Each structure stands twice: as structure tokens, then as C-alpha cells.
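Asker: Starting from these lines, generate the structure:
(one chain, ligands or ions: 1)
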Amino acid sequence: MALVEINFDGIVGPSHNYAGLSFGNVASMGHGGQVSQPRAAALEGIDKMRSNLSLGLAQGIFLPHPRPNQRWLARLGATIEQASPVIAANAMSASPMWAANAATVSPAPDTADGKCHLTPANLRTMPHRSHEWRHTLYQLQIAFADAAHFHLHPPVPPAFGDEGAANHMRLAAAHGEPGLEIFVFGVSGGAFPARQHIEASKAIARLHGLPQDRTVFVQQSEEAIAAGAFHNDVVAVANERVLFAHERAFADKQPLIDACAAQVPGFEYVEVAEADVALEDAVKSYLFNAQLVSPPDGEMTLIVPSEARETRSVWAWLERHLKGNGPIRRVEVVDVRQSMANGGGPACLRLRVVADPATVDPRFLVDDAKLDAIAEVVRRYWPEEIAHDELQQPALIADVTGAREALLQEVGLVELISP
Ligand code: SUG
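Answerer: Presented below is the predicted three-dimensional model:
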């Protein structure tokens, strides 16, 4: 069985809009009320996937969820027409595009039963995200239906907030080798909420059958959350034997580094000092919300958003690192501005699953030709713009519903239309 890392990107849904819903996410708060461009947003995401394919990486997709979420509205005793503007915005959010929050994934080499375990995130902290898990689970059940290789769990009870892979990292000598799984939780974030509860992380580690000596729980620093790092993946990213993090990412980094050094052959810690890149610049540029990947040519590559190139301190750090002897050998720049304006960088848009692609439902895997066909649907059906005060208009709702259905027809996943 050939285990590879597959990046599953959430296709940006046709209702993508700026509603300012995420308290503690400085980009979402800053862009609330602005006009969004769903078509451009989805095409940016597709271009990012194309660039990953051209590096030789395996690529998958998750599909947009039904919006408005009528089931959720019905449980609140409302319809989209009757709902207050804020409830309507919560029901129309395209937030499932940020697939890093879809689930936590423990690949087969790490687990007691030798299967890949997945737990969808309950995302209970933000109302617009708290209703994602049901449809996420439904897609995971189809994509990873092969019970000989995958084990799916229901979300952790909502008493304990869980935001999925955005607060989880994995280090291993190679993707297919047993790894060290790192769960990052928050306790306090100053004025902002800590979204990941330690009990959720511990429950997932138990349910996934992870050995205690290869599982680490580490607290995210309060100052990182207070600076706008609402998920750990805004200040740290790991790939194979490399951990790349900001100096102020963790409350107490030494036990983490010691565990990595003890458990991961060839472990390398690449730290960016506050003196070189201030936490504020790290959050603004999303330097760490990058995809750190191992293409087949062996050159470890960091896929950063264009905002990283535009932030002087960050770009200077990257240029220095590339000239030196560090483990990151190549930097690729992608434009995901529409997603970035809601606080979602390249890493937020993808969920990493280490698996044999032959065991995944092929409708969730893409090549260039399939991305061309998806882009054609997006160009034809995705709204060009959405103003915040349009979210309850029947014409927009009809467009958004029709656009999603056209995409599901194209990829042959009509069973997702009305689950
Ligand atoms: O949960 N933004 C998302 C961004 C998620 C980024 N994901 C990772 N870091 N992995 C969030 O805050 C904004 C929606 C709005 O304001 O309309 C939003 O949900």
C-alpha cells in the first residue's frame, strides 16, 4: 500500500461573503460588510490546487455545503426570509471552504488498529461554523467509505470545542512512517476566545488509538491568540521531520521540542524569532498558514500567500532561509486574497490525509482535466459579487443553490444535493 499525503481543498462555495462573523479573527473582523467575489475566490482556490498538482502532489476536494442551511434554520424556528440578518449570515456562510477545520486525521501508521482515523470538528465556538459538521461527516463517509482502511468518528460532544486539524500537527521521518501527533489547545486568549479545548484533543487522541508516548498536548500561547492566531496553524506548521513555528506560538515550547527530538528521527525545529518577524507581521502575512510539503523532487516547499511576499520582514526572513542551509528549499507564492480577507490562508483551505489514493472515492480526487471542468462550472454559475445586505434575497439564494447543484452534477456527487 502506497501511503502519500493527499491535500483535500474545500472548494469555495458560491455564497462566499464577508459577514464579520469570527470574533478574534482579525481579517474577518476587519472585512465584515465588504463586497465579496465568490467567483474569483473559487478560481483562486482552483489555481492553488493546480500549482500543487504541478509540484507532483496528490490533490483532493471537498464540496461546498448546502447554503442557506435550511435544516439549521428550521431548528431555530426560522426560514432564510424570516431570519434576522445575523442569523441569515450564519446560515449562508461558505466557511466549509476552510477544510483544515473539517476534521482531525490520524494516519494508519499512528493508530492501534492500523486504520486512518478521522473525527469531524464540532466547531462549536462560532455559530456559523457549528452547523458544518453534519454535512462534513456526510462527505467523509462517502470519500472514506472503505472500512478496511478508514475509521470515522462522530464529533466530540459540543461541551468541548474542537476545530480539527488547524490545531493538530504531525511529525514523522516520512509520511508513511509512524508519527508523533501534536495537539495544540488554548486556555485563554486575552480578549479573544480560545477555540480548542484540551478535553476535545485528549478525547480524539484516545478515540484514534494513539500511543501515549507518541502523543503531545501543548498549550498555545495566550499572546498568540490575543494577537489574532485563533488557530495554531496561524503561527506554526509541521511537515515530516520539520516543525516551523513562531517564537511566541506556544506557552512552553521546550517539552514539545524535547518530545519531537526524542521521537522523530532527524527532527529539525525552524523557529522565527520575534526580533525578525513580529507576531503581528506573522498574523498579517500568514507566513505560517502555509502549506509545507514534500514534492517528489525532494525539495521541501513552503506554499505561502502573496501577503507574505508583501510583508517586508517576512519576505526578508524567507530569502535569508533559502540562502542558508535550512530544510525549506523552495517557496511558492499563491494568491488566495478572497479567502485571506476572511482569515483563511493556503493551509486553512486544505485537509491533509495520509492514505493510499486507491482507497479514496475517486470523485473526491482531482487532476488538471477535472479542475478545468470545475473551473468552467464556477465561471458559469458562481456569483461575481455578493454585498452583505443581499444575503436574504431570493434571487441570490436561487443562484447559490443552482450553482452548487451544477458543480455536484459535474463531479458526479448528486447524492450531496439534498442529504
Ligand atoms: O473560522 N473565518 C474562518 C477562517 C478559518 C481559517 N482556518 C484555519 N486557520 N485553519 C474562521 O474564523 C469568517 C467568516 C465571516 O466572517 O464571514 C470565518 O469564518
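Asker: What's the first helix or strand after the helix or strand hosting Ser313?
Answerer: Secondary structure assigned from DSSP states H and E places Ser313 in helix 312-323. Reading on from helix 312-323 to the C-terminus, the next helix or strand found by DSSP H and E is strand 330-334.
Asker: Which residues of the stretch 101-250 of the chain lie near the ligand?
Answerer: Asn101, Met126, Arg129, Ala166, Phe230, His231, Asp233, Val234 (Cβ under 6 Å from any ligand atom). Where C-beta positions appear, they are placed from N, C-alpha and C, glycine not excepted.
Asker: what number of residues lie near the third one?
Answerer: Read that as Arg129. 22 (other Cβ atoms under 10 Å).
Asker: Name the nearest residue to it, sequence neighbours excluded.
Answerer: Leu123 (3.7 Å; Cβ to Cβ, 6 or more residues apart in numbering).
Asker: Then that neighbour would be within a helix, right?
Answerer: No. Read with DSSP: H, G, I helix; E, B strand; the rest coil, Leu123 is coil and lies in no helix.
Asker: Would you agree it is in contact with Asn101?
Answerer: Yes. At 6.1 Å, Leu123 and Asn101 qualify as touching, with contact defined as Cβ atoms under 8 Å.
Asker: Which one of these two is surrounded by more residues?
Answerer: Comparing Leu123 with Asn101 by other Cβ under 10 Å, the one with more neighbours is Asn101, at 30 against 26.
Asker: The more buried one reaches Asn167, doesn't it?
Answerer: No. Counting by Cβ under 8 Å, Asn101 does not reach Asn167; the two are 9.0 Å apart.
Asker: give the contact list for whatever residue of the stretch 301-419 of the chain ends up closest to the ligand.
Answerer: At 3.2 Å from the ligand, Cys348 is the closest residue in the stretch 301-419 of the chain, using Cβ to the nearest ligand atom. By Cβ atoms under 8 Å, 6 or more residues apart in numbering, the residues touching Cys348 are Trp98, Ala99, Ala100, Asn101, Ala166, His231, Asp233, Asn289, Ser339.
Asker: any idea where the strands of the stretch 301-419 of the chain begin and end?
Answerer: 301-305, 330-334, 350-355 (DSSP state E, counting those that start in this stretch).
Asker: In a markdown table, list the ones you listed along with mean pLDDT, distance to Gln409 and mean neighbour count.
Answerer: Compiled in a markdown table, the strands of the stretch 301-419 of the chain are given as follows (pLDDT from 0 to 100; distance: least, Cβ to Cβ, whole Å; neighbours: other Cβ atoms under 10 Å):
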| stretch | mean pLDDT | distance to Gln409 | mean neighbour count |
| --- | --- | --- | --- |
| strand 301-305 | 98 | 31 | 25 |
| strand 330-334 | 98 | 28 | 18 |
| strand 350-355 | 98 | 24 | 26 |
